[in-house]
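Peer 1: Pasting a predicted model and its sequence here:
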Amino acid sequence: MEKEVTHTYDIMEVCLLAGKIMLQSGAETYRVEDTMSRIAHSFGVKESHSFVTPTGIIFSVESEEPTKTKLIRITERTTDLHKVTLVNSISRNISSGEMTLEKAYHELKEVEESKLTFKMTTQILAAAISSGCFLIMFQGEWADFLSAFIAGGAGLWSLIYFHRLVPIKFFSEFVASLIIGILSFLFVKIGVGHELDKIIIGSVMPLVPGLLLTNAVRDLMAGHLVSGISKGAEALLTAFAIGSGIAIVLSFL
């Protein structure tokens, strides 16, 4: 009996680890719950229940013994869809019977501890190029491409840098948008840039919480009201931080 209880807790650990990685990496709530349920079912659990929010996961397993329930907190969230894909791949291998419980746990641990994000320089370069491209997409002038390129790259750099100094998302996003606004204004002032509004719009686009908004709407449509509203509120707060930084710059012009 004791061995059976231990085995059940091991299954719960694997399910919770998979859910934790996915939720921290930007996966939708329904995907996290579905993956955890599939893993539990593949290891012989007849009935399991999960309650997932952006800040925590509650997972329980029904058995002959009293219901076993575990809770984990989610303190950090980012966007790493590569990790979501890897966990989905492990889940499919478990469902097809190609992976044991112990092997699944070790592979999930490797995914959790791995650093799969691009280097900081690559992220900044990508943000700079996309800022210039967004400028053109919003019918800006090619003459302003360089201004948006520099402002967008500087904005993402400041976001990463200040988030390391003060791990408060609102603060780092506010400072990043403030720097973008100041640089855009300076470029127009010295004659390097021409259309201030287009430069600012293109430069702040890498900061816009697109994935959060998409997941919020998807969760609301799927009936996950708590998660949908929470993610929507987080996206709204990010938008407010970006808007506040730009508004302060424009108000002193």
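Peer 2: That came through fine.
Peer 1: Which strand or helix spans Gly26?
Peer 2: Per DSSP states H and E: Gly26 is located in neither a helix nor a strand.
Peer 1: go on, Arg164?
Peer 2: Applying DSSP H and E, one finds Arg164 within helix 145-165.
Peer 1: Which neighbouring elements make contact with that helix?
Peer 2: helix 120-137, helix 169-189, helix 196-204 (3 or more C-beta pairs under 8 Å, 6 or more residues apart in numbering; DSSP states H and E). Glycine gets a C-beta too; all of them are placed from N, C-alpha and C.
Peer 1: Format these as CSV; extra columns: distance to Ala216.
Peer 2: Shown next, in CSV, are those (distance: least, C-beta to C-beta, whole Å):
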stretch, distance to Ala216
helix 120-137, 22
helix 169-189, 16
helix 196-204, 19
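Peer 1: hey, C-alpha coordinates of the helix holding Arg164 in CSV?
Peer 2: Extracted as CSV, the C-alpha positions of helix 145-165 are listed here (Å, rounded to 0.1, in the frame of the first residue of the first chain):
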residue,chain,number,x,y,z
PHE,A,145,13.7,53.5,-40.0
LEU,A,146,17.0,54.1,-38.2
SER,A,147,15.3,56.1,-35.5
ALA,A,148,12.8,53.4,-34.8
PHE,A,149,15.6,50.8,-35.0
ILE,A,150,17.7,52.5,-32.3
ALA,A,151,14.8,53.4,-30.1
GLY,A,152,13.2,49.9,-30.2
GLY,A,153,16.5,48.2,-29.4
ALA,A,154,17.2,50.6,-26.6
GLY,A,155,13.7,50.0,-25.2
LEU,A,156,14.1,46.3,-25.0
TRP,A,157,17.6,46.6,-23.5
SER,A,158,16.3,48.9,-20.8
LEU,A,159,13.4,46.5,-20.1
ILE,A,160,15.8,43.6,-19.5
TYR,A,161,18.3,45.7,-17.6
PHE,A,162,15.9,47.4,-15.2
HIS,A,163,13.9,44.2,-14.7
ARG,A,164,17.1,42.6,-13.4
LEU,A,165,17.7,45.6,-11.0
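Peer 1: Tell me which residues are up against that helix.
Peer 2: Helix 145-165 is touched from outside by 120, 123-125, 127-132, 134-136, 140, 169, 171-173, 175-177, 179-180, 183-184, 187-188, 192-193, 198-200, 202-207, with contacts defined as C-beta atoms under 8 Å, 6 or more residues apart in numbering.
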